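Engineer: no sequence for this one, just the structure:
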């Protein structure tokens, strides 16, 4: 076990430009320090490897992905360097080094690493180079970053060109204002060519000083770096300039008609043809004779006929027209790169050529046609470019198999590593058909479609697939590639790498299976379960927790727990949760009852437990939050307390009622006292049965009223009048209304209309709104003929039963009135207290 020092991590976080991380490989979970998050310019760190790779500079991404895969296979440590692109667009150079913790089977479990920003070190290296170059006298050094269009000049450049030092160099403006007009297009043409062709170059041109003096400049340089497949542009140009004005003055130009000029032309290794005003060829260089090989007696021949014998239209007519224009106007012409098909040789050849008016010995104007055969150089550059691209990609994909596909011919090149990866003999001819035959049948069409999409769109090739090796072994392969375009942005090749990710796939599959099993367990648990980081941000939540809050996983993962829907409704609730998480982060187990908000603005009481996950090194890294819904438990507790009060109240009422029954029976019929007294007691017992019977499906309202008034059975129909339709109410309504009727009957017998011989009670109920699907039950208890009524001076338990209990149980309406002629109780509730008609018919 590689020990990790959390104190050291905190120290590194306080150092600007540093940050640490842990990668849990099996879970593909990244844990970044605060310092590393700041280093990358992020508000929140990535949680997976893929999220990290998206931050890497696109030009480094394939290499880094390949290197990471290589690190996971072998070794206990790693170190490399790459660029990142921060959200604000700044590019930073990062040095990454770390250690790998493996299990007993050698599989990578954890990567513990440190990132250091080395951008400043790279800038210092450039500054040191600038200092060295700036000390050279009589010579100017320059570099030009083609991709970013960013030039750098040494002090000598500014001194030779007589320009004030300026960090924001405008090369187009300098060329337009200071380069001699006759040399301006030629210089721009060479620049255009240098951007797109690797190798050395040289040009001489005239440059105006600030005082108007003209100086001759020799520019020698080299185009370096592989050409960008996307635009065909090189990476960088480096060169020097020198002032050759004195040399030009010492060695004046040779006149066109001199013997020296003739000797120079005829001995030149490149093509020079001198043409008179009649288009006759009057002088030919050795290089031109080679280009016209196989044609005898060139001198005196019509140049137009010579051109037509080896070139095709419309190229010949275009050249003839440009020669005529130079003869007539004196304008020079340059074509830096012309590729045409030669009829006599049956091959494409590439030339750079130019036309310039000269004065012939007879005084008439002529044209000197200069041309350079670049066919070999173009082919060499293409080979060099392809080799550099292939080599560059191979270096990026250390321990990976590289391939190179010619899109025109279908020919493919495999590296020895790719043969090894596929389990093939290196002498086996490489082919795309063989490769696709080895791909698993279930993956074959997907890979073909991805390859075709990449070629057609020019986008990167990216695929994961399986191959079956000759020995029957199935390997999981990752493929990456890109299209190379040449000549008018035409796709010509595709290069890429394949690397074996079987072990990694197995670990990821194992991690996914483990995560899925854990997810199934958590989602089927009868508890609310979640996982938090030490800051209180939600990492995971199970299905029961999500359903209770009416939220999706994506809505809460990454958010602080106390700011989510379930806990943010009350500042006190949120503050207590935040404080409890802080305690758990220190290693303490915290348990308490909390009230959370549920979907629809409901409330649920949770027995909450916060348990810190403590690792072998004693550190706390996550917090498990679990809880059970104890709302019913709390309701049961409140209900038990209520029942105790009800029992006490009922006992007192029962004794009073027994006393009233005995007194009433004795006063009216003492002869039958015993039998009537026993009947009243049995009715009272029946009323108690109705209150405690929780197994009811429902009850008819009329039966409930009669049951609760059983001890006044002899008065029903004479002094007690019942009126209402056949109506069935729910068991819950029966219990509550039964208690209300019992209370009303008790009060009527003790103080109201039934306490005197002439008193009456009317009990009327009805159901309205059935035709509109909005049924409402109304029950009215009206007393008359009793003693004068006065409102009570205090509200006792009976009033609670008749008003708040009934109203709270059904969200109904209750009216208690105390007119002198008799007490009145009116109750109205919605459809919730009525049984559905189908069940009502069964009672």
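Structural biologist: Everything's here; your move. The shown structure was predicted, so the numbers you read here are calculated from the model rather than taken from an experiment. Numbering: from 1, shown residues only.
Engineer: quick check, residue 492 in a strand?
Structural biologist: Yes. Counting by DSSP: H, G, I helix; E, B strand; the rest coil, residue 492 is located in a strand.
Engineer: Now for it, how many residues are close by?
Structural biologist: Neighbours of residue 492 under the rule other CB atoms under 10 Å: 15. To be clear about C-beta, it is placed using only N, CA and C from the backbone, and glycine gets the same treatment.
Engineer: show me what contacts it?
Structural biologist: Residues near residue 492 by CB atoms under 8 Å, 6 or more residues apart in numbering: 406, 407, 408, 484, 485, 486.
Engineer: can you pick the most crowded of the residues you listed?
Structural biologist: That'd be residue 484 among those, by other CB under 10 Å, with 22 neighbours.
Engineer: those helices in the stretch 151-300 of the chain, which residues are they?
Structural biologist: 155-160, 171-178, 181-196, 245-250, 259-267, 286-291 (DSSP state H, counting those that start in this stretch).
Engineer: Out of the ones you listed, the one nearest residue 701 is which?
Structural biologist: helix 181-196 (96.1 Å; CB to CB).
Engineer: Which parts of that closest one count as buried, going by neighbours?
Structural biologist: For helix 181-196, burial by neighbour count (16 or more other CB atoms under 10 Å) applies to 183, 186, 187, 189, 190, 191, 194, 195, 196.
Engineer: Walk me through the regions of the stretch 601-750 of the chain where pLDDT falls short of the threshold, as ranges.
Structural biologist: 642-643, 646-647, 649-697, 731, 735 (pLDDT under 70).
Engineer: Break down it into its helices, ranges please.
Structural biologist: 631-668, 673-692, 701-708, 731-750.
Engineer: Mind putting the helices of the stretch 151-300 of the chain into JSON lines with mean pLDDT and distance to residue 80?
Structural biologist: Output for the helices of the stretch 151-300 of the chain, formatted as JSON lines (pLDDT from 0 to 100; distance: least, CB to CB, whole Å):
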{"stretch": "helix 155-160", "mean pLDDT": "87", "distance to residue 80": "36"}
{"stretch": "helix 171-178", "mean pLDDT": "90", "distance to residue 80": "36"}
{"stretch": "helix 181-196", "mean pLDDT": "82", "distance to residue 80": "31"}
{"stretch": "helix 245-250", "mean pLDDT": "71", "distance to residue 80": "50"}
{"stretch": "helix 259-267", "mean pLDDT": "54", "distance to residue 80": "55"}
{"stretch": "helix 286-291", "mean pLDDT": "77", "distance to residue 80": "50"}
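Engineer: Take those helices and write them to TSV, including distance to residue 61.
Structural biologist: As requested, the helices of the stretch 151-300 of the chain are exported to TSV (distance: least, CB to CB, whole Å):
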stretch	distance to residue 61
helix 155-160	36
helix 171-178	31
helix 181-196	25
helix 245-250	50
helix 259-267	54
helix 286-291	47
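Engineer: I'd like to know which of the ones you listed lies nearest to residue 98.
Structural biologist: Of these, nearest to residue 98 by CB to CB is helix 181-196, at 40.0 Å.
Engineer: helices or strands next to the closest one in the packing?
Structural biologist: helix 171-178, strand 199-208, strand 214-224, strand 333-342 (3 or more CB pairs under 8 Å, 6 or more residues apart in numbering; DSSP states H and E).
Engineer: Tell me which residues are up against the third one.
Structural biologist: Contacts made with strand 214-224 from outside it, assessed by CB under 8 Å, 6+ apart, are listed as 142, 160-161, 180, 194-195, 197-209, 234-245, 247-248.
Engineer: Also the second one?
Structural biologist: Contacts of strand 199-208 with the rest of the structure, by CB under 8 Å, 6+ apart, involve 161, 177-180, 182-183, 186-187, 190, 193-194, 214-223, 239, 244, 377, 381.
Engineer: what comes up buried for that strand?
Structural biologist: 201, 203, 205, 206, 207, 208.
Engineer: The longest one too?
Structural biologist: Neighbour counts over strand 214-224 (16+ other CB under 10 Å) mark 215, 216, 217, 218, 219, 221, 223 as buried.
Engineer: Could you check how far that strand is from the centre of its chain?
Structural biologist: Centre-to-centre, strand 214-224 and its host chain are 49 Å apart (CA atoms, centre = their mean, to the nearest Å).
Engineer: by how many degrees do it and helix 181-196 diverge?
Structural biologist: 10 degrees (axes from the mean of the first three to the mean of the last three CA atoms, to 10 degrees).
Engineer: got it, and the second one?
Structural biologist: Strand 199-208 and helix 181-196 are oriented at 160 degrees to each other (the same axes, to 10 degrees).
Engineer: Poorly predicted segments of the stretch 1-150 of the chain, please.
Structural biologist: 1-16, 124-138, 147.
Engineer: Tell me how many other residues surround residue 589.
Structural biologist: Neighbours of residue 589 (other CB under 10 Å): 10.
Engineer: no, scratch that, I was asking about residue 566
Structural biologist: Around residue 566 there are 25 residues (other CB under 10 Å).
Engineer: before we move on, back to that, out of the contacts of residue 492, the closest to residue 280 would be?
Structural biologist: Looking across the contacts of residue 492 and measuring by CB to CB, the closest to residue 280 is residue 486, at 39.1 Å.
Engineer: Does residue 360 touch residue 280 like I think?
Structural biologist: No. Between residue 360 and residue 280 there is no contact under CB atoms under 8 Å: 10.7 Å.
Engineer: all strands of the stretch 451-600 of the chain, in order?
Structural biologist: For the stretch 451-600 of the chain, the strands defined by DSSP state E, counting those that start in this stretch cover 461-468, 474-486, 490-500, 528-533, 538-541, 590-598.
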